[in-house]
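A.B. asks: next comes the sequence, and after it the predicted model I'd like to discuss.
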Amino acid sequence: MKLLAAIAALASIATATACGSAGTESSGQGGIYTTIDGSKQINASAPINPFNPVGSVFDGYNGMALAWPKNDPIDPNQFYPAIARSWDVSPDQSAVVIHLQPDARWSDGKPVTSEDVRVSIGLAYTQGGTAYAIDPKAAGAAASIQVVDPKTIRITQGANKSNMFLSNLLSTDIVPAHVFGQLLPADFWQKLKVAQTGKGPAADRDKNVITGLADKVIAFSPPHDVSAGPFVLERVNPGAALLTRNPYFYDRRLIVPDKVEMLNYSGNEQIWNYLIAGKLDNAPFTSVPSAVLDRIRQVRGSKVISGFSPVSTSLAFNQAHKPYDNVHVRRALAYLINRAQVTKIASPEGGTASETTSGIHAAAAKVWLGQAFNGLDPYRLDPAKAAAELKAAGMTRRGGKWALPDGKPWTVQIHVPAAFSDWVSAAKSISSQLTDHGIDATVVTSADYTLYLTELAAGKYDVGFWLMGLGPSPYNIFQRLFGQANGWQMFGGRLEHVAPGTQGNWMGGPEKVAVAGPDGTTTVDPGELTSRLGYASQDEQKKIVAVLARTANQQLPVIQLWDYVNTQFVNTSRYTGFPPDDDQSLRLSSGVWMQLGMIRKRQA
Amino acid sequence: MTVTVLPPGAGEVAAGTTRAALRRNFWRGVWRVLCRKPSRMAGVVIVVGFAVMGVVGPLLYPANLPRDDNALYAAPSLQHPFGTDFEGTDVLALVVTGARYVLLTGLATAVITVALGTAIGLFAGFRRGGWDTALMRLTDLNLAIPGLPLLLVLSTVWKFTSPLSMGLVLGLLGWGGVARAVRSQTLSLRERGFIEAARGLGLPTTHIIGRELLPSMAPYIAMNMLIAVTGAVYAQVGLFFLGVLPFDANNWGVMLNLAVFSGGALTTPAALPYLLAPLIAILLLTLGIVLIVDAMDEIFNPRLREE
């Protein structure tokens, strides 16, 4: 009873949260635009700080980057201008000159200058990673930051070049130097230089000083919002955040709503209820069952926009565990899973069944591979082929059940995080299908996603669900299959393959594999090829992608199940001008759509 | 004055006959109490029905329940009285085959709760002094443990695949209330004349506790046991609903979770039967137990008898 009471109490808190709002608001002619932030829930006590993962900074509204990425299937360097009006890039991406918006101002009236960008980059160094790695040998690390004039800044790339440099650079969050600058010590840039180029204890000490600033930067809480975006945070409570128009925004003539109300949510069903109530002008991708989608469609003004989403779901194997080390077993399972059926059950509206396993979302794979895409084994449902593969793996069949080569019973344990209802349904569907074909299979859930990833990385699972195809960068796509999770890691700028079960290598695949191609069978190192994708020219990239897609298809480190569709919900009763299906801005927030001049007030 | 001399062994025979007669009278009394209100008989029928479902239910269906790929979330029909789930499996079949885990967990929890709680409460109340103090602090500790957060943490390291392991944990978390109540009753009873007399006769402690104290508290303990079953059902279904326990498609809590979070049962009517079926099962089971507890109250408390 004590437990029941506690569960009931939790439920009531969730309900109370659902009912919260930013209060009754009056607005001018532009009205209040209501939406949710798909990337995070609202935390009323979080600082107004983009470096804080739960901070009250919302991309495209009061959070601004140098530029916004377009939803291109294969080119990660396509961007819409934001704080950066334009940029010049040298052909090998060794230097990027960024020209800032001439009229850009912060919400307190001060101009946005190159110094703001420089301070933002300094703060990004404290967080590490991507273009701002302290290790100068890291691929795609910035080497120098030079303020050319108040509206121009030049950034050069280090010797170990990466095709992702421009993309990482333009994604930098820009914060006001007169608010955040105090976080950096006066001699920060000297210390950074010593940490990057020096040797010995002095370099180590300065490196520690810079990385030691990380927590201070994350915890920093400005007293009020100073934004260069179209909106400024007015107030936030557990139910919603309210943002008002920034009178100094450089393209303020394009911004129609007077205010934006960002509603909080505790789960998908709350977003469904908002949509059915017609409360939201836009909701980003949300997993929705068919019956709920039908109900949402019936709401006045409700529309569903869909487009490309460079993400797929797969069933991944731990090849360090038997019998999944045997490619015939992995292929047999691929021949026994009806992906169309799995997708129909798990993600009927938000996904399309994968045509094959290539490692890439089908839409991007067709562009990268052309006709070669059709040459990949589609692994259609074929129990006879599966039986032949299992026999080739030495598996035995007794009393209608498949057993391990030594005669011991075989149960496929499929692991999923409990909170991902589409994955749970898919795992159950797969387990039923395998059981139909004489393979015992069970579903095991993990309490939460963080625990799931921790246990997965620790090599505790045989088979688990895994997100893949995270494009558009081909390097990022194949990192999911032949990267750190499969043993390939960079040490001091050198790629190494670590033993299965160590340093996060839970996929446990071999370092080199034989891959059949148009020119016969060759031995390839998929991790090394993936690493080359980071700096190869586009022609080279195409060749490498073709080899890696064949490797993924033949070796099956994962079975690609379905490719996601970016399903967005909009309501045109108050605002119109939303992007059409398959638009390149579809994965960006409504705030960016407003910056691009899309959202207009509906005329009575 | 007449003295009746009984032949050797006649006393034992008489005692045995008396005990058998008492037992017969007791069951006749139980029957009378049950028949007095139809609701009590309904309670017995419901609980027996669930027990049969738990024992025989899984035998009525194939090990892998059939699925209909073209009837996902199908509406209720004669073929599927509670419709189908996300895979097109009959929801009634899921409820029936899932009853065993729920009931076994409830039973295991109830046995452990009552056995531990009664033993500790009796011992503490009868012995008093240092033992009482130590055992009651232990009871306080048990009562102070926040059960849900602890179970959430435990679920990350323990998968609770067996109903007995689930019942063991719930039982170990839930005995505190019973122990406290039994101790209070023991403290009160041990001052009564019949216990004083038993002590005066030099009867051993085990006899006093087992034969004198325990029977007086049997009604209370039996009722607690039944109520513990309902508590365990709520707790485990709640944990499965939160998704922190292992996935089993026919577990009632998992069914509720999938109906709400996958099927949108609280948003649209399509998955509502899938939500209602396990809910009705839980409500019926609780109702059956409550109705039996009502009968037990009268059986064990002569003052409530309406004769």
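C.D. replies: Right, received. Where do you want to start? Numbering: from 1, shown residues only, chains lettered A, B, ... in the order given.
A.B. asks: neighbours of B:Glu191, how many?
C.D. replies: When neighbours are defined as other C-beta atoms under 10 Å in any protein chain shown, B:Glu191 has 8 of them. Backbone N, C-alpha and C define where each C-beta goes, glycine included.
A.B. asks: now do A:Leu213
C.D. replies: A:Leu213 has 20 nearby residues by other C-beta under 10 Å.
A.B. asks: my read: it touches A:Gln182, true?
C.D. replies: No: contact criterion C-beta atoms under 8 Å: A:Leu213 and A:Gln182 do not qualify, at 11.7 Å.
A.B. asks: find the closest residue to chain B in the stretch 451-600 of chain A.
C.D. replies: Relative to chain B, the nearest point of the stretch 451-600 of chain A is A:Leu451 (5.7 Å; C-beta to the nearest C-beta).
A.B. asks: name the element B:Ala119 belongs to?
C.D. replies: Using DSSP states H and E, B:Ala119 sits within helix B:91-127.
A.B. asks: how far away from the center of its chain is the next helix or strand after that helix?
C.D. replies: Going down the chain from helix B:91-127, the next helix or strand is helix B:129-144, by DSSP H and E. Distance, stretch centre to chain centre, for helix B:129-144: 24 Å (C-alpha atoms, centre = their mean, to the nearest Å).
A.B. asks: and the angle from helix B:129-144 to helix B:91-127?
C.D. replies: 150 degrees (axes from the mean of the first three to the mean of the last three C-alpha atoms, to 10 degrees).
A.B. asks: report the mean confidence score over helix B:129-144.
C.D. replies: Taken as a whole, helix B:129-144 carries a mean pLDDT of 93.
A.B. asks: could I get the contacting residues of residue 214?
C.D. replies: This is for chain A. Contact analysis of A:Ala214 by C-beta atoms under 8 Å, 6 or more residues apart in numbering or on different chains lists A:126-128.
A.B. asks: I was thinking of chain B, sorry if that wasn't clear
C.D. replies: B:118, B:122, B:221.
A.B. asks: what is the nearest of these to chain A?
C.D. replies: B:Ile221 (17.1 Å).
A.B. asks: so how far is the helix or strand hosting the closest one off the chain centroid?
C.D. replies: If you go by DSSP H and E, B:Ile221 is part of helix B:214-242. Chain-centre distance of helix B:214-242: 4 Å, with C-alpha atoms, centre = their mean.
A.B. asks: what residues sit buried inside that helix?
C.D. replies: Applying a neighbour-count criterion of 16 or more other C-beta atoms under 10 Å in any protein chain shown, one finds B:214, B:216-217, B:220-242 buried in helix B:214-242.
A.B. asks: over to stretch A:500-508?
C.D. replies: Neighbour-count burial for stretch A:500-508 flags A:500, A:504-508 (criterion: 16+ other C-beta under 10 Å).
A.B. asks: equivalent analysis for stretch A:511-521, please.
C.D. replies: Those would be A:513, A:515, for stretch A:511-521 by 16+ other C-beta under 10 Å.
A.B. asks: how close does the residue of the stretch 51-200 of chain B found nearest chain A get to A:Tyr80?
C.D. replies: In the stretch 51-200 of chain B, the residue that lies nearest chain A is B:Leu148 (3.9 Å; C-beta to the nearest C-beta). B:Leu148 sits 47 Å away from A:Tyr80 when distances are taken as C-beta to C-beta, to the nearest Å.
A.B. asks: higher neighbour count, those two?
C.D. replies: Set B:Leu148 next to A:Tyr80 and count neighbours by other C-beta under 10 Å: B:Leu148 wins out with 21 against 15.
A.B. asks: what is the neighbour count of the spatially closest residue to B:Leu72 that is not a sequence neighbour?
C.D. replies: Leaving aside its sequence neighbours, B:Leu72 sits nearest to B:Gly88 (C-beta to C-beta, 6 or more residues apart in numbering or on different chains; 5.2 Å). The criterion is other C-beta under 10 Å. On that basis, B:Gly88 has 20 neighbouring residues.
A.B. asks: list the contacts for B:Gly88?
C.D. replies: B:Gly88 touches B:67-72, B:74, counting by C-beta under 8 Å, 6+ apart.
A.B. asks: okay, now residue 48: neighbour count?
C.D. replies: Chain wasn't specified; assuming chain A. Using other C-beta under 10 Å, A:Ile48 is surrounded by 24 other residues.
A.B. asks: the chain in question should be chain B.
C.D. replies: B:Val48: 11 neighbours (other C-beta under 10 Å).
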